[in-house]
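**Student:** here's my sequence, what's the structure:
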Amino acid sequence: MGKRVTAADVARSLGLSRATVGFVLNDTPGQTISGATRERVLAEAKRLGYRPHTAARALASGRSHIVLALLPDWPMEYSMRTHLDEAALVLDRAGYSLVTMTPHPGGQAVPLWESLAPDVVFALAPIPDEQFDAIRATGAATIIPGRDEAVVADELHFADGPRLQVAHLLERGRRRIAFAGTTDARLAGLVAQRRALADATHRELAGEPLAAFADLDETDAAARVAEWVAAGVDGVVAYNDDVAALVLGAALRQGVAVPDELAIVGHDDSPVARLLVPALSSVRVDTAGLGRFLADLALSRVSGAEAPAVGPEATSEVVRRETS
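**Tutor:** Okay, the predicted model is just below:
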């Protein structure tokens, strides 16, 4: 294994002091180093293959340039992947690395907030008080959300989807609407939240609760859809596009006409929605925009700049296709 090139190696090669080379490589402000010397140092550093030592630089600057995202124990679905991909791109352009971690109850691994000393920790779900205190004790400059703040992504868009799904089906003339969730235990809380929002919207707009609800998987989707259709259910609000695809497949295999007998609306507008036959109506959330917004928010907290304004990424819309 080759020896790592250090700033001292660059200084020795050029016959300059280590201090001068260090000022250039660290871009230290307030120094009177000529442009010619600066160019020589940078060129020689490149020739020798010098790479800054991240830990040493973090110690000197007081910043690690790491943003740690605490993820809930959810499957890595389309919306989550898109959200994190866009956040990582924005942070990378600003010189920050995005690292993700999913804390598990009873987990024995050393938490990354202890080993990485991130500048920012942001969470996509509420942070338990004990965990919040542990993160704060490591010296993390910024934790999003703060102890008394709501989850940013939750405030922006999560409540809109179920409301839009129900309103859309009612506008399409459906009067007996069911909610289809998933049996994945990791998503139980989020499924319950969306089901409650869908039911509240149906009560508000139609004056009565949803006709039915159930959590489905591949083993029981067909039986449940048959029960619903027999009971007069004519519309289904699905937790996400994967669940909607289960309902759609079960309906078509039983000869149920979609959307004439049963209209279906998914959530997330993932690529599968456009590939299904018939194409799936779904709620589109700008998850890429949300990722960029959260990255900009993290950067504003580090720099002390004004927080970004909430823009179009906070809105959701129904994309009507062939299932409604």
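
**Student:** so where's the chain shaky on pLDDT?
**Tutor:** Residues of the chain meeting the criterion pLDDT under 70: 1-2, 53-63, 141, 147-158, 311-314.

**Student:** apply 80 and report the result again.
**Tutor:** Of all residues in the chain, those with pLDDT under 80 make up the ranges 1-3, 26-31, 52-64, 104-108, 115, 124-126, 138-141, 143-159, 307, 309-315.

**Student:** how near is residue 249 to residue 256?
**Tutor:** 11 Å (CB to CB, to the nearest Å). For every residue, glycine as well, the C-beta is placed using N, CA and C.

**Student:** those two: which is more packed in?
**Tutor:** Legend: neighbour count by other CB atoms under 10 Å for residue 249 and residue 256, higher for residue 256 (18 against 15).

**Student:** which residues touch the more buried one?
**Tutor:** By CB atoms under 8 Å, 6 or more residues apart in numbering, the contact set of residue 256 is 225, 229, 262.

**Student:** domain parsing for the chain?
**Tutor:** Residue ranges for the domains of the chain, per automatic domain parsing: 7-52, 66-156+289-313, 157-284.

**Student:** and the contacts of residue 256 as a markdown table, adding distance to residue 208, secondary structure and neighbour count?
**Tutor:** Formatted as a markdown table, the contacts of residue 256 follow (distance: CB to CB, whole Å; DSSP: H, G, I helix; E, B strand; the rest coil; neighbours: other CB atoms under 10 Å):
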| residue | distance to residue 208 | secondary structure | neighbour count |
| --- | --- | --- | --- |
| 225 | 22 | helix | 28 |
| 229 | 19 | helix | 18 |
| 262 | 19 | coil | 25 |
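
**Student:** on that earlier part again, deepest in the core, which of the domains of the chain is it.
**Tutor:** Burial of the domains of the chain is given as mean neighbour count (mean count of other CB atoms under 10 Å); domain 157-284 ranks first at a mean of 19.

**Student:** for that one, the distance to its chain's centre please.
**Tutor:** Here domain 157-284 shows a centroid-to-chain-centroid distance of 23 Å under the convention CA atoms, centre = their mean, to the nearest Å.

**Student:** wait, residue 183 sits on residue 218?
**Tutor:** No: using CB atoms under 8 Å, residue 183 is not in contact with residue 218; the gap is 9.6 Å.

**Student:** ranges for the helices of this structure?
**Tutor:** Remark: helices assigned in the chain by DSSP state H are 7-14, 18-25, 35-48, 54-61, 78-93, 112-115, 129-137, 152-153, 160-171, 188-206, 221-230, 241-253, 271-275, 287-303.

**Student:** CSV please, covering those and showing distance to residue 214.
**Tutor:** Listed next are the helices of the chain as CSV, based on distance: least, CB to CB, whole Å:
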stretch, distance to residue 214
helix 7-14, 64
helix 18-25, 62
helix 35-48, 62
helix 54-61, 50
helix 78-93, 23
helix 112-115, 38
helix 129-137, 33
helix 152-153, 27
helix 160-171, 16
helix 188-206, 10
helix 221-230, 5
helix 241-253, 10
helix 271-275, 21
helix 287-303, 27
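
**Student:** right, so of those helices, which gets closest to residue 318?
**Tutor:** Nearest to residue 318, of all the helices of the chain, is helix 160-171, at 4.6 Å by CB to CB.

**Student:** what sits up against that closest one?
**Tutor:** 177, 194-195, 197-198, 201-202, 205-206, 235, 237-238, 263, 265, 267, 281, 283, 285, 315-318, 320, 324.
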